[in-house]
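Visitor: Predicted model and sequence below, questions to follow.
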Amino acid sequence: MPANPAKQLSQKFQKRIEKSIAHHNELLLTVQGKLRQAALETMLSEQFVFNVIVLWEVFLSDLIIQYLAMSPTHYTRTLRGRLMQSVREKFGHPTAQFLRFTPPTQISLAQTRAMVDPKEFNITITSADVLTRRANELLEAKYARLFTLNPEFAQFVNYIIAARNYLAHRSKSSRKQLKSAVGVLEGPNLPFAGSVSKVGSYLKARDAQNQTRAIVIARRLIVLAEILA
């Protein structure tokens with residue numbers, strides 16, 4: 001039986017995160033006993049979390065495109081309707097009647113990417129709800145349903161997006177959004193609850209198993225990747 005390309009993509013991502021965790025732990029060891037150990041740990045934790053979330057964003061975009069390439073009929077049907085509507089609105093119904101859009105039933109991964117992401121910005125999302133909506137727009141139901149996350153993972157996705165935005169921008173607005181996202185965490189996401197007034201200290205804080213919150217976030221991304229493929 002041929003390998004599942006979506007599963008392969010997920011496994012590749014998981015290995016990248018595991019390698020990133022190993023490198024991060026090694027770097028944390030190198031700063032032990034240094035004059036500026038606390039500041040260095042803060043810097044390493046912030047950079048690590050930002051990096052793994054960006055890796056997840058790239059993986060998510062690649063995964064959606066992979067599913068689309070595996071079964072493009074739903075999207076091409078929707079795309080045909082949008083093209084027809086656009087032509088009708090701009091040139092009128094008589095002109096639209098001459099339009100023919102007959103995509104192949106099978107398209108390559110490169111063709112799929114060019115079609116759905118022509119400017120090569122990757123498929124981006126701003127919340128778990130947007131992820132669900134985007135998946136339903138692009139994918140056949142059997143794949144789209146994977147991106148309708150249960151409340152636990154939807155909450156986590158909103159949280160990591162807020163964390164990524166704060167680490168990227170450091171704005172007052174992004175801090176407020178991060179604080180809001182952390183404030184509603186519950187159930188399995190409670191390990192990520194806490195004060196974010198000092199984000200570096202928050203990320204490098206250790207749990208009962210002596211794991212930093214930064215590493216717990218990374219391992220949670222591995223679990224999320226597993227359920228999406």
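Guide: The structure has been received and is ready for your questions. Here the structure is a predicted model, which is why all the values come from computation and not from measurement.
Visitor: Next, the buried residues of stretch 52-71.
Guide: 52-53, 55-57, 59-70 (16 or more other Cβ atoms under 10 Å). Bear in mind the C-beta positions are built from the backbone N, C-alpha and C, glycine included.
Visitor: Ok, stretch 171-190 next?
Guide: When neighbours are counted by 16+ other Cβ under 10 Å, the buried residues of stretch 171-190 are found to be S174, R175, Q177, L178, A181, V182, L185, N189.
Visitor: do stretch 99-114 as well
Guide: When neighbours are counted by 16+ other Cβ under 10 Å, the buried residues of stretch 99-114 are found to be I107, T112, R113.
Visitor: next one: stretch 76-91
Guide: For stretch 76-91, the neighbour count (16+ other Cβ under 10 Å) marks T76, L79, V87 as buried.
Visitor: cool, and stretch 31-49?
Guide: Judged by neighbour count using 16+ other Cβ under 10 Å, the buried positions of stretch 31-49 are V31, L40, E41, T42, L44, S45, E46, F48, V49.
Visitor: residues contacting the fourth one?
Guide: I take that to be T42. Under the criterion of Cβ atoms under 8 Å, 6 or more residues apart in numbering, the neighbours of T42 are G200, S201, L203, K204.
Visitor: Redo those residues as CSV? Include neighbour count and pLDDT.
Guide: Converted to CSV, those look like this (neighbours: other Cβ atoms under 10 Å; pLDDT from 0 to 100):
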residue, neighbour count, pLDDT
G200, 19, 96
S201, 16, 96
L203, 27, 98
K204, 22, 97
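Visitor: I'd like to know which of these are part of helices.
Guide: G200, S201, L203, K204 (DSSP state H).
Visitor: hmm, what's the outermost residue in the protein?
Guide: In the chain, the residue that sits farthest from the middle, by Cα atoms, centre = their mean, is P94; the gap is 42.7 Å.
Visitor: where's that residue relative to T78, distance?
Guide: From P94 across to T78, the span is 24 Å (Cβ to Cβ, to the nearest Å).
Visitor: follow-up on the earlier one: return the two entries of the ones in helices among the contacts of T42 that lie farthest from one another.
Guide: Maximum pairwise distance in those, criterion Cβ to Cβ, is 7.5 Å, between S201 and L203.
Visitor: What mean pLDDT does the helix or strand hosting E41 get?
Guide: Here E41 is covered by helix 37-70, with elements defined by DSSP states H and E. Averaging pLDDT along helix 37-70 yields 97.
Visitor: where does that helix sit relative to the chain's centre, distance-wise?
Guide: Taking the mean of its C-alpha atoms, helix 37-70 sits 8 Å from the chain's own mean (Cα atoms, centre = their mean, to the nearest Å).
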